[in-house]
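Asks: attaching a predicted model along with its sequence, questions to come.
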Amino acid sequence: MKRSTPWLAAIVLALAAAAAAAAPAAGTADRIFVNGRVWTGEPRSPRVEALAVRGTTILATGTSAEMRRLAGKGTEVVDLEGRFVAPGFIDAHLHLLGGGLSLEELRLDEDETLPAVLKHVGDWASSHPDRNWVTGEGWTYAAFPGGLPTRAQLDAVVSNRPAWLVSYDGHTGWANSFALRLAELTRSTPDPPSGVVVRDGSGEPTGVLKEDAMGLVSRLVPKLLPYEKERALKQGLAQLAAWGITSVHQAGLDEEALETLARVLDEQGPTVRVYAALDIAPDPTPQILARQDELRRRFASGRLRVGAIKGYVDGVVEAKTAAMFEPYPGGGTGLPQWTQADLDRAVAAYDRAGWQVMLHAIGDRGIDMALTAFEHAARANGTSGRRHRVEHVEVPRLADLPRFRAGGIVASTQALFPYPNRNHLEVYVPTLGEERARRALAFKSIDDAGAVQAFGSDWPVFTAEVVRGLHTAVTRTTLAGTPAGGWQPAQRLTPEAALRHFTRDAAFAAHEEKQAGTLAPGKRADLVVLSQDLLAVPPERIQDTKVLLTVLGGQDSYRSKGF
Ligand SMILES: [Zn+2]
């Protein structure tokens, strides 16, 4: 431009003045991060080099030179030396107490064969002679011939006290004979309404209890003492920060658990923020709604926020309890926990009271029931923008995916669920059958249908280590790279899409996108520094990424040794 007219010059000057007024003043940053590779998550400027923090919020993002201009005498300068920065990770679905306990209890997730499981249980039992019960979690169906264990197998390693081991998905329990005797569970014990006592050919209980039948034994397991719960929560929260996580969505808890969590978050230094969902009441009376509303108002801001209600529509695939339109191989279409009419009524009551509702739904019929209930609530109450959520969305009918976008419903999925280990390939997939397996865990199809998809872990079902989740969502392989090319490679996501689901979209799913989920001036200074650029490394190397620093509201919640 050679010559500018006076009016144009005036506009240029006015714009420059406005920009100067909006820019933060020199010397006002508490900390600046320079020379980095920063992914902001902001569509207009996704990649920058540096950012500045003041107090609990982000002051500015831009070039290193621009950020240095905001530094003053007391400003801490962090030279990132080319390392990667992302918005703090958000896990949109986990269970804090179970996750915390999983760090110290008997976990069978890695034991892929029956001998491995039994050796692990036997060793653990003999090294914990003080425990009145042998309890643990995490066994996978593929470890057992036929897909389910038996009490006789467990008796062989624990016979002198009761043993109770819960499957990795939390929907099936495995008891030894001692535990069955204590529970007075015999061939004449009837199945509870939403559960199954698995029996052998002669009608004897095999030791396996599905869904609500689990309570027949689990009610006898000694309750954790308050200090044990608090210890587990503290460990869990610290571990989440070490994985780069700054916010989590707690998928259901009762009032007592909420009080414990509030106490722990108060006592402990910065770890993570918690967006909590209370357990759904099957019949939400005015009294129940009033009590839950009281809790919502009490925990409306700060590091613990109550904003949602969580319920279960169905079970899980491996136990054939996820509700399906077509039968499983061998029969049965799953166990819906509600009639549609009851679900519609309960969801509408919560919707009317202003709650976001999160419904666990895995089978195509369960997902349809959840969507139908949300659509019914919106029509009945004339509401919109509640961002109700379907949790898991494992086996949707493809024709139902547009209903998410149309209804403003969030698809809350778990990045590690398609992890193609033995359990997945040898039990999960055959239990679905070929046609259903093709539309299972279809993350790309969910994105393509225009839904907001928030990623979580369902910890302790899978680890909450976000780097692992990103690796699975991007490669659809195991850490060892199998199967070659990935399981259902058409459903692989780009690293950027996967990262967005763990940040911006997860923030949206908690109505927090104005405060979190991206790195932008005015938002919370919740961020993570990683050893390598997640968007640039070959996908199979994502798993090598190390968390170096996690920052929560400007304060370090985790710092690795040597950073
Ligand atoms: Zn869950």
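Replies: Ah, there it is.
Asks: then stretch 217-231 to PDB, C-alphas only?
Replies: Extracted C-alpha coordinates of stretch 217-231, given in PDB (Å, rounded to 0.1, in the frame of the first residue of the first chain):
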ATOM      1  CA  VAL A 217     -21.800 -61.200  48.100                       C
ATOM      2  CA  SER A 218     -20.400 -57.600  47.900                       C
ATOM      3  CA  ARG A 219     -22.700 -56.500  50.800                       C
ATOM      4  CA  LEU A 220     -20.700 -58.700  53.100                       C
ATOM      5  CA  VAL A 221     -17.300 -57.300  52.200                       C
ATOM      6  CA  PRO A 222     -16.000 -55.100  55.000                       C
ATOM      7  CA  LYS A 223     -16.600 -51.500  54.300                       C
ATOM      8  CA  LEU A 224     -13.600 -49.300  53.900                       C
ATOM      9  CA  LEU A 225     -12.800 -47.100  56.900                       C
ATOM     10  CA  PRO A 226     -13.000 -43.400  56.300                       C
ATOM     11  CA  TYR A 227      -9.200 -42.900  56.600                       C
ATOM     12  CA  GLU A 228      -8.700 -45.700  54.000                       C
ATOM     13  CA  LYS A 229     -10.900 -43.900  51.600                       C
ATOM     14  CA  GLU A 230      -9.200 -40.600  52.200                       C
ATOM     15  CA  ARG A 231      -5.800 -42.100  51.700                       C
END
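Asks: just the buried residues of that stretch, please?
Replies: 217, 218, 221, 229, 230, 231 (16 or more other C-beta atoms under 10 Å). Placement of C-beta: from N, CA and C, glycine included.
Asks: what average pLDDT does that stretch get?
Replies: Mean pLDDT, computed over stretch 217-231, is 93.
Asks: OK, contacts around residue 391?
Replies: By C-beta atoms under 8 Å, 6 or more residues apart in numbering, the residues touching residue 391 are 93, 251, 310, 358, 359, 360, 361, 412.
Asks: one more pass at 7 Å, please.
Replies: Taking C-beta atoms under 7 Å, 6 or more residues apart in numbering, we find residue 391 in contact with 93, 251, 358, 359, 360, 361, 412.
Asks: over to it. Which of the three states is it?
Replies: The three-state label given to residue 391 by DSSP: H, G, I helix; E, B strand; the rest coil is strand.
Asks: which residues does it bridge with?
Replies: For residue 391, the beta-bridge partners are residue 360, residue 412 (DSSP bridges).
Asks: and it, what's its pLDDT?
Replies: 98.
Asks: what of residue 289?
Replies: 98.
Asks: so what's it closest to, chain neighbours aside?
Replies: Once flanking residues are discounted, residue 289 sits nearest to residue 353: 5.2 Å by C-beta to C-beta, 6 or more residues apart in numbering.
Asks: quick check on the one you found: phi, psi?
Replies: Main-chain torsions, residue 353, degrees, to the nearest 10: phi -80, psi 10.
Asks: how close does it get to the ion?
Replies: 23 Å (C-beta to the ion, to the nearest Å).
Asks: one more: residue 526?
Replies: 23 Å.
Asks: just residue 175 next, same as before
Replies: 23 Å.
Asks: burial of that residue, as a residue count?
Replies: Taking other C-beta atoms under 10 Å as the criterion, the count of residues near residue 175 is 28.
Asks: does it touch residue 164 like I think?
Replies: Yes: assessed by C-beta atoms under 7 Å, residue 175 is found in contact with residue 164 at 5.4 Å.
Asks: who in the stretch 201-350 of the chain is up against the ion?
Replies: residue 251 (C-beta under 5 Å from the ion).
Asks: what are the ranges of the strands in the stretch 201-350 of the chain?
Replies: Using DSSP state E, counting those that start in this stretch, the strands of the stretch 201-350 of the chain run over 205-211, 245-250, 273-279, 304-312.
Asks: any chance of TSV for the ones you listed, columns mean neighbour count and distance to residue 442?
Replies: Output for the strands of the stretch 201-350 of the chain, formatted as TSV (neighbours: other C-beta atoms under 10 Å; distance: least, C-beta to C-beta, whole Å):
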stretch	mean neighbour count	distance to residue 442
strand 205-211	24	25
strand 245-250	28	22
strand 273-279	24	25
strand 304-312	22	22
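Asks: let me see the contact set for residue 402.
Replies: residue 449.
Asks: shared neighbours, residue 175 and residue 164?
Replies: In contact with both residue 175 and residue 164: residue 217, using C-beta under 7 Å, 6+ apart.
Asks: sorry, back to before: just put the strands of the stretch 201-350 of the chain in TSV and tack on distance to residue 391 and mean pLDDT.
Replies: Listed next are the strands of the stretch 201-350 of the chain as TSV, based on distance: least, C-beta to C-beta, whole Å; pLDDT from 0 to 100:
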stretch	distance to residue 391	mean pLDDT
strand 205-211	16	96
strand 245-250	10	98
strand 273-279	9	98
strand 304-312	7	98
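Asks: Throw those strands into JSON lines and include distance to residue 510, thanks.
Replies: Listed next are these as JSON lines, based on distance: least, C-beta to C-beta, whole Å:
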{"stretch": "strand 205-211", "distance to residue 510": "28"}
{"stretch": "strand 245-250", "distance to residue 510": "6"}
{"stretch": "strand 273-279", "distance to residue 510": "4"}
{"stretch": "strand 304-312", "distance to residue 510": "7"}
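Asks: and of those, who's closest to residue 338?
Replies: Among those, the nearest to residue 338 by C-beta to C-beta is strand 304-312 (8.0 Å).
Asks: mind giving me the packing neighbours of the closest one?
Replies: Applying 3 or more C-beta pairs under 7 Å, 6 or more residues apart in numbering; DSSP states H and E, one finds that strand 304-312 makes contact with helix 255-267, strand 273-279, helix 286-298, strand 356-361.
Asks: let's see that with 6 Å instead.
Replies: Contact partners of strand 304-312 among helices and strands, from 3 or more C-beta pairs under 6 Å, 6 or more residues apart in numbering; DSSP states H and E: strand 273-279, strand 356-361.
Asks: dump the shortest one to PDB, restricted to CA.
Replies: Taking C-alpha atoms only, strand 356-361 is exported to PDB below (Å, rounded to 0.1, in the frame of the first residue of the first chain):
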ATOM      1  CA  GLN A 356     -27.400 -32.200  33.200                       C
ATOM      2  CA  VAL A 357     -28.100 -36.000  33.100                       C
ATOM      3  CA  MET A 358     -25.400 -38.500  32.300                       C
ATOM      4  CA  LEU A 359     -26.700 -41.900  31.300                       C
ATOM      5  CA  HIS A 360     -24.500 -45.000  31.000                       C
ATOM      6  CA  ALA A 361     -25.700 -46.700  27.800                       C
END
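Asks: quick check: next helix or strand after it?
Replies: helix 364-381 (DSSP states H and E).
Asks: contacts for that following helix, please.
Replies: With C-beta atoms under 6 Å, 6 or more residues apart in numbering as the test, helix 364-381 has contacts from 313-314, 323-325, 340, 343-344, 347-348, 351-352, 359, 361, 388, 390, 395-397, 400, 403, 407, 409.
Asks: please consider this matter closed, and thank you.
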